[in-house]
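S.K.: predicted model and sequence follow; I will ask about them next.
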Amino acid sequence: MRIASIMFSTAVALVAASIAIVPGTLVADSVRCDLSDYKAAPGLTAGLEQDLLAVSWNGQAGSELRARYAIDGGQPIVRDFSIRKTGGQWSVLGRNLTPEYRVTTGVRRMTEQQAQPLRDAGVELTPAVIEKNRWYAFWDAPLVMPDGPEMAAVQAQRRGQTAPPAARVLGGPRSPADIRHANASFHATSCSVKTDGATIEVAFPGLSMGIFSGTLRFTAYRGANLLRMDAVASTNEPWVAYKYEAGLKGLSTDLTPRVTWHDTGGHVQHNAFGGVNNETIVPVKAAGRVVVAEGKAGSIAAFPPPHTFFFTREVDTNLGYVWYRKDAADRFGIGIRQADREENPQYVENFALFNAPPGTKQRMGVYFLANAAAAEPTRDAVLAYTHGDTFKVVPGYKTMVNHFHLRFTERVRASGSFDTPMQDLAAMKALGLNIVGLSDFHGDMHPNDPGPLRFKDTKDYAEASRRASDRDFLVTPWEEPSAYFGGHYNILFPKNVYWSKVRQAGQPFTEKDPVYGTAYHTGSADDVQKMLDAEDGYWYHAHPRTKGTTGYPDLIFDKAWTKNDRYLGVAFKPGMGMDLSEQRMCEWRCFDATDTMNNQYASSGLRPKYIIADIDTYQKGPEDDLYANFPVNYLKIDRVPGPDADWSPVLAALRSGDFFVSTGEILIKSYKVEGAGNQRTIAADVDWTFPLSFVEVVWGDGKKIDRQIIPATDLGPFGTKHFAIPFDATGKAWVRFAVWDSAGNGGFVQPVWLKPVTTTTSAGR
């Protein structure tokens, strides 16, 4: 039954009789709650209980959860958050919980790093060009002032430099006036309830937070012990970069007397609130990004979305993404936060924050998980959504990521033995990775040497990688040469190849070196292409449309080396230009770039261009928070090549598009375009953890890109489903399939042509 609205009782009414009267109990204002978009469903209900809106939903393992909401002086209140076993008594985990948000804003600027490749290509930096690229800045740190203490530390680290560092941004320098801080205030007089599949949303308009305004929203998911809280807010100001903190305060030490977490060394830590009150939040560097409030009747965990909460950085150091705060002798709060800047001065100029284009609805989310158990099982229940921060084994597939700048050769040499284990690789192996592609020799290890020094480096690089490999763990000595083709790119060979990026006058393209065997000297795009053809190598663009690849691949769509099957496509590197209003990560930079190319090349006889999960970070260790920043490729290969085998199976899977990409939570275990002619079916077997949001079929006809979006909000957590989606292929050139969940995580397959390729290039192996 649909109900237009419900009048809550007056401000003098007491809370529902089922709630014990305790110190701090509040009374509710008289408000209206619109239920016109609510439809009752088994295991997912909302209704009036005196002055409360009560939302109940079935959780996991026979549990039932309840959140009851009220408004006090315009402030939305979670009057109680409770859990019970089916048919049992309610156990209250929190009473009179007050949402809190804080936002810090700066000004987004385009960077010199983006400008240089455009200048080199002869592109005029018009206002329109700057406006287009400004949102995708990487080396931007809106909260770091050029004359601030952070930059003084940068100069000190650069040993002996007396001149200030060169400006990294276009236009005027950053100013303290750019930075604004604001706490959320609430002026709610009503609420609304909406059901969407297996979810139920409760929204309170009247949120104000500095330059942002909007709605506070709570979302519950049938089948999950989750409660998500969002500030859905927008601003009309231009060029806003921001970060946020979010949480709930008012937790009682009577109900949950302590908070606990795992530190980055893996040790269990806790705070029992026996000390003084905190003046500010207490940032916690918690492994897995989880903090838990623990009590006898159960626990509440707070944690961020596992991937969309993280804009791209150069390193994966844990900056403390959760917090607690003791507010009174018997009250505290918990939540999530982002730091103001990097801790290592080397990277302090890169901390770009989130984008908030004018008018977009930013979803500033935080998750809470309730459990009728102690802290450790509750933490485990949170980590189940990320498979324990590992990439789950899928039979018939091997996990692969590429693009790490570890200074691997230099550090192995310095250790005194090529057999010395590197902690970076130990950390990545623990994630469940099978194949790690390194990308040293980017700007290090004699990049401009015509041969002798670089070849010695190459030999050591290959030997150190060989010794780091194992039966089911391969380390490849690949490279990000970024030479001649345009933009930054990764080059991948099936074996170690000796080549220089310099070809001196009179130097041959290829020679037989008495020490290294066949060696190449490249001085042009044609030389690099000939080497790729000779050695069966491939390449793809790193971080498309930003950083040193700003303007690319678009600027070379018509070049012979791009219109070639040796060119695989672009990297899936989300987080550069992170915008929390978007439904998909890397929508414009990654998907649009590749879809546009496939439309252009639809009748060329080329194979499709792909989107390859890619990392692009520097030194790391087991104490770092890697999982949040790692998408992964699942290659359809039976085994990992051994230390002395060539890497052809890896490249063959990449070239054939026999892989899917995932942030880890969504696994596309099989995929096929079935049928013939115009009547086709997209068939896919999918596993997931977070409740789903939608699946989509995306296609191009050689001119435009279009898609069919199939809502999947009826699919709760930890599910498996065979999707069979009828698809009319009339006039369409290519198609791809993707799955996105309610936390913004994604999984997608590679594009396939809908008609057989009738011709191929000479390099189209």
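M.R.: Cool, the structure landed.
S.K.: which residues touch Gly744?
M.R.: Pro305, His307, Thr308, Met585 (Cβ atoms under 8 Å, 6 or more residues apart in numbering). All C-beta spots, glycine's among them, are computed from the backbone N, C-alpha and C.
S.K.: please redo it, this time with the cut-off set to 6 Å
M.R.: With contact set as Cβ atoms under 6 Å, 6 or more residues apart in numbering, Gly744 has these partners: Pro305, Thr308.
S.K.: tell me the SS of it?
M.R.: Reduced to three states with DSSP: H, G, I helix; E, B strand; the rest coil, the structure at Gly744 is coil.
S.K.: got phi/psi on it?
M.R.: With angles defined as degrees, to the nearest 10, Gly744 sits at phi 90, psi 0.
S.K.: Thr195 versus the residue nearest to Phe404 when sequence neighbours are not counted, what's the distance?
M.R.: Spatial nearest neighbour of Phe404, excluding adjacent residues (Cβ to Cβ, 6 or more residues apart in numbering): Leu438 at 5.3 Å. Leu438 is 49 Å from Thr195, where distance means Cβ to Cβ, to the nearest Å.
S.K.: now do the SS call for Met145.
M.R.: Under three-state DSSP, Met145 comes out as coil.
S.K.: scratch that, Pro643
M.R.: Per three-state DSSP, Pro643 ends up coil.
S.K.: I'd say it and Arg467 touch.
M.R.: No - judged on Cβ atoms under 6 Å, Pro643 makes no contact with Arg467 at a distance of 7.4 Å.
S.K.: just for the protein, where's the confidence low?
M.R.: Scanning the chain with the threshold set as pLDDT under 70 gives 1-31, 155, 157-167, 442, 758-765.
S.K.: can you point me to the longest strand in it?
M.R.: For the chain, the longest strand by residue count, based on DSSP state E, is strand 91-107.
S.K.: all helices of the stretch 1-150 of the chain, in order?
M.R.: Along the stretch 1-150 of the chain, the segments classed as helices by DSSP state H, counting those that start in this stretch run 112-120, 127-134, 149-157.
S.K.: can you tell me which of the ones you listed is most buried?
M.R.: Highest mean neighbour count of the helices of the stretch 1-150 of the chain: helix 112-120, a mean of 18 (counted as mean count of other Cβ atoms under 10 Å).
S.K.: what sits up against that one?
M.R.: Leu125, Asn133, Trp139, Arg168, Lys547, Gly548, Thr550, Gly551.
S.K.: and stretch 96-108, by the same measure?
M.R.: Under Cβ under 6 Å, 6+ apart, the answer for stretch 96-108 is 24, 26, 77-78, 134, 142-143, 178-184, 209-210, 216, 231, 239-250.
S.K.: ok so, going back, okay, the helices of the stretch 1-150 of the chain in a markdown table with distance to Pro649 next?
M.R.: Output for those, formatted as a markdown table (distance: least, Cβ to Cβ, whole Å):
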| stretch | distance to Pro649 |
| --- | --- |
| helix 112-120 | 34 |
| helix 127-134 | 38 |
| helix 149-157 | 43 |
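S.K.: go ahead and flag the most central residue of the chain.
M.R.: His307 (3.2 Å; Cα atoms, centre = their mean).
S.K.: tell me what Thr518 is bridged to.
M.R.: With DSSP bridges applied, Thr518 shows beta-bridge pairing to Lys512.
S.K.: is it true that Val739 touches Val697?
M.R.: No - counting by Cβ under 6 Å, Val739 stays clear of Val697, with 10.9 Å between them.
S.K.: compare these two (neighbour count), which wins?
M.R.: Legend: neighbour count by other Cβ atoms under 10 Å for Val739 and Val697, higher for Val739 (29 against 21).
S.K.: tell me the contacts of the more buried one?
M.R.: Ile666, Val686, Val695, Gly747.
S.K.: what strand or helix carries the third one?
M.R.: Val695 is located in strand 692-700, with elements delineated by DSSP states H and E.
S.K.: outside of the next helix-or-strand element following that strand, which residues touch it?
M.R.: Beyond strand 692-700 on the C-terminal side, the first helix or strand identified by DSSP H and E is strand 705-711. The contact list for strand 705-711, computed with Cβ under 6 Å, 6+ apart, reads Asp595, Phe694, Val695, Glu696, Val697, Val698.
S.K.: got the buried residues for stretch 268-283?
M.R.: Asn271, Phe273, Asn278, Ile281, Val282, Pro283 (16 or more other Cβ atoms under 10 Å).
S.K.: and that stretch, C-alpha only, in CSV?
M.R.: What follows is stretch 268-283, C-alpha atoms only, in CSV (Å, rounded to 0.1, in the frame of the first residue of the first chain):
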residue,chain,number,x,y,z
VAL,A,268,44.9,-5.4,17.3
GLN,A,269,44.6,-2.0,19.0
HIS,A,270,41.8,-0.4,21.0
ASN,A,271,40.7,2.6,23.0
ALA,A,272,38.5,2.2,26.1
PHE,A,273,37.8,5.9,26.5
GLY,A,274,39.4,6.2,29.9
GLY,A,275,41.4,9.3,29.0
VAL,A,276,40.5,12.9,28.4
ASN,A,277,38.0,14.1,25.9
ASN,A,278,39.3,14.7,22.4
GLU,A,279,39.3,18.2,21.0
THR,A,280,39.5,16.9,17.4
ILE,A,281,38.9,13.6,15.6
VAL,A,282,41.6,11.0,16.2
PRO,A,283,42.8,9.7,12.8
